[in-house]
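1. Mind folding the following:
(2 chains)
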Amino acid sequence: MSKIDRVVFGDNQFFGINHMSQDKAQAQSERFADLDNIFGVYQNAFDAGVRAIMLNSNDRAASITDRFRSNPSAYPEIAWYPSIPYPHKYANLVAEKGMVGAMNNILFSEGAGSALGKMARGATAMMTLDAVKLMKMLIDQEMTIFKGLDVRVVFLQNIVTDLVMGFGVREAIYEYCEHVRKKHKALPGLITQNMPFTRAKLIEWGIKDVVLCSSINKIGYLMSPDVPTYESVLAENDGDTYPMMAMSTLASGAVPAPEAYEFINQLNIQSVVFGASSRGNIDQSVKLINGQG
Amino acid sequence: MSKLKIGIIGAGRMGVTHHCITNTHPNAQVVATADPSIVMNKMLSKYAGVETYKDYAAMLAKQPLDAVLVCTPPALNYDILKAVHAKGLHAFVEKPFTLSPVLGAELAGLFDGAGLVNQVGYVNRFNDVFGKTKSLIEDGVIGKLVRFRTEMFSSTIIREQEEEGWRASHANGGGAMYEMASHAIDLVNYLFGAPDKISGTCLTPVFSKNVEDIVAGSFRYRSGVTGSIYVNWSDQSFRKPTNKIEVFGTGGKILADQHGMKIYLTEASPKHGYEKGWNQVYITDVFSNVPFYLRGIEFTAQLYHFIDTIVAGGGKTRCNFADGTAALGVIDAMFQDNKELQGELA
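-> Predicted structure coming up:
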């Protein structure tokens, strides 16, 4: 029995993310500016049997989790799969203030839960350049959004995972995983656009029990280096040690759902995260992912 | 072969991105970095295992290198690239390369003259959709080229700016023109060649004090082709940086952004597999996979192109210093045009 849910409902559709069409993404982002519209879609997902949600810690996420927390009886029991951080927040801050300035801003800004003790810890960490302590503080900061929820896996966004993996910094990944296990009582997860590379590094470094989430689709979109490498890695993978979660299974709509999940279901993949808005698309996806298509 | 030894000058966001990507190339290894930040140097020394220098001159003097990636504020690049050339090293430099077409041309001459591989980081030239757009235009799919429109939007500068840092002034290379519009301008140069006449330039601040946040203007070509540019990095309705281009010809038009394109044709083009009327091309139809992905296929493609060109023994890159100089020529003309138009109002 897998440690993670087979079907996880994603959030890209809510936040104007569509790799295929910027116009479509823009239109979606306008529609979901209203929280009620987001919850309408969640209800469709619950009706289809979905009980797991992946949510990025972006500036809208807090209002979503607030509603779940404030009225738990209105919703089924949900397993949460947060992904952190919200990369654009940091990217824009870095563009504006530079790397060190951005770091200062995040750790010491008003309204960032900046109690004096925390500021002092942050200041000490900055001065002594304790990157591990800084990282843990940033994780805790992002995770305040998910406080009190049943968190199964905490995913690190691919922009961070792949940067750290490219640099080959074992300590950062090891400490991230330990912190997620001990402090947040969840499984560590890594989103990566280079799954075979990332998995090989984890094996080399002796870091186990990590969920890997990566784009997996028939046409090889956002699969570095290529589909055959993914296929051979998945074939030999132990899904208990490195549970695999597929994202971008439809390649942003380039592959029709039946074809997409026929491909996914013949691979050794433990979980699929998908995003859709309409009841029909959600129902169809859930059935297909569960092999009932 | 032994790996190329790469040095990086400037450990900001682009420096760190290039560092990571370079190390995944089988024929290259970053061995040293130069940056004034004590924080970054300690981090890179500890976690990336490279020699770190506060000063690039010290790095160039002490460290045996094959090539350098220059990722510093552009006002510094002329002096740095002169020193890199004096050491006989290949160079990749982040856009906008330098702040003057005169200095740019001098550097282009020096590096080409010495047979050193040189490249400017205009990453759109490595985007698969824009590459497809170029080949379709050159194939005459939309007939004779008549008019184009290029636009870029982002929510980069969305509040009043303090007057600090190199981004606050033109003298240091700050402002939407150098930092963002330069990408749109290079894309115009790449697709259509540099314009022959620039007019109607409007450089408008929104939140910045001393630099523009909006760039707009008109381009004319001796061939009769005309075009316009509109770049706004203070537009919060765009969550992600968005780069759009519309190209109109006698036989149809192309609408393209980084992720896809729509093509309208007045006649079918069986050779390209397009029908009369609207055709949709997605990034998933034209993408090329890269061995390692960070921040976008084009970032890896761009840097591997530079490294592979050196490994192959040299040659012209897809965006060399002369191309970077051409973009600076357009930027310079737009600044001049804006100044003259403002003078007329004053």
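
2. quick one, what contacts the residue nearest to residue A:231 when sequence neighbours are not counted?
-> Counting by Cβ to Cβ, 6 or more residues apart in numbering or on different chains, residue A:267 is the residue found nearest to residue A:231 once chain neighbours are left out, at 6.9 Å. Any C-beta I mention is one placed from the backbone N, CA and C, and that applies to glycine too. Taking Cβ atoms under 8 Å, 6 or more residues apart in numbering or on different chains, we find residue A:267 in contact with A:216, A:231, A:234-235, A:246.

3. Identify the bridge partners of the nearest residue to residue B:70 once chain neighbours are set aside.
-> Spatial nearest neighbour of residue B:70, chain neighbours left out: residue B:93 (4.2 Å); criterion: Cβ to Cβ, 6+ apart. With DSSP bridges as the criterion, residue B:93 is bridged to residue B:70, residue B:120.

4. With just CA atoms, put the host helix or strand of residue B:80 into PDB.
-> Using DSSP states H and E, residue B:80 sits in helix B:77-86. Extracted in PDB, the C-alpha atoms of helix B:77-86 (Å, rounded to 0.1, in the frame of the first residue of the first chain):
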ATOM      1  CA  ASN B  77      31.000  45.000 -18.200                       C
ATOM      2  CA  TYR B  78      33.300  47.000 -20.500                       C
ATOM      3  CA  ASP B  79      36.200  47.000 -18.100                       C
ATOM      4  CA  ILE B  80      35.600  43.400 -17.200                       C
ATOM      5  CA  LEU B  81      35.400  42.200 -20.800                       C
ATOM      6  CA  LYS B  82      38.600  44.100 -21.700                       C
ATOM      7  CA  ALA B  83      40.400  42.200 -19.000                       C
ATOM      8  CA  VAL B  84      38.900  38.900 -20.000                       C
ATOM      9  CA  HIS B  85      40.000  39.500 -23.600                       C
ATOM     10  CA  ALA B  86      43.500  40.400 -22.400                       C
END
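
5. tell me what that helix is packed against?
-> Where contact means 3 or more Cβ pairs under 8 Å, 6 or more residues apart in numbering or on different chains; DSSP states H and E, helix B:77-86 is packed against helix B:56-62, strand B:67-70, strand B:90-93, helix B:101-113.

6. In CSV, list those along with mean neighbour count and mean pLDDT.
-> What follows is the helices and strands packed on helix B:77-86, written out as CSV (neighbours: other Cβ atoms under 10 Å in any protein chain shown; pLDDT from 0 to 100):
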stretch, mean neighbour count, mean pLDDT
helix B:56-62, 17, 98
strand B:67-70, 26, 98
strand B:90-93, 26, 98
helix B:101-113, 18, 98
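
7. closest to residue A:80 out of those?
-> With respect to residue A:80, and counting by Cβ to Cβ, the nearest of those is strand B:67-70 at 40.5 Å.

8. can you give me the offset of the closest one from its chain's centre?
-> 16 Å (Cα atoms, centre = their mean, to the nearest Å).

9. what's the angle from the helix holding residue B:80 to helix B:101-113?
-> 10 degrees (axes from the mean of the first three to the mean of the last three Cα atoms, to 10 degrees).

10. tell me the mean pLDDT for helix B:77-86?
-> Across helix B:77-86, the average pLDDT comes to 98.

11. sorry, back to before: what secondary structure does the residue nearest to residue A:231 sit in?
-> coil (DSSP: H, G, I helix; E, B strand; the rest coil).

12. picking that back up, if you count neighbours, what's buried in the helix holding residue B:80?
-> B:77-78, B:80-81, B:83-85 (16 or more other Cβ atoms under 10 Å in any protein chain shown).

13. Let me see the backbone angles for residue A:150.
-> Backbone geometry at residue A:150, expressed as degrees, to the nearest 10, gives phi -80, psi 90.

14. follow-up on the earlier one: can you give me the distance of the residue nearest to residue A:231 to residue B:55?
-> Per Cβ to Cβ, to the nearest Å, residue A:267 is found 52 Å from residue B:55.

15. Could you do residue A:9 as well?
-> For residue A:9, the distance to residue B:55 - Cβ to Cβ - is 52 Å.

16. Quick one: the buried residues of helix B:77-86 as a markdown table, columns for distance to residue A:203 too.
-> Below are the buried residues of helix B:77-86 laid out as a markdown table (distance: Cβ to Cβ, whole Å):
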| residue | distance to residue A:203 |
| --- | --- |
| B:77 | 42 |
| B:78 | 47 |
| B:80 | 41 |
| B:81 | 42 |
| B:83 | 43 |
| B:84 | 39 |
| B:85 | 44 |
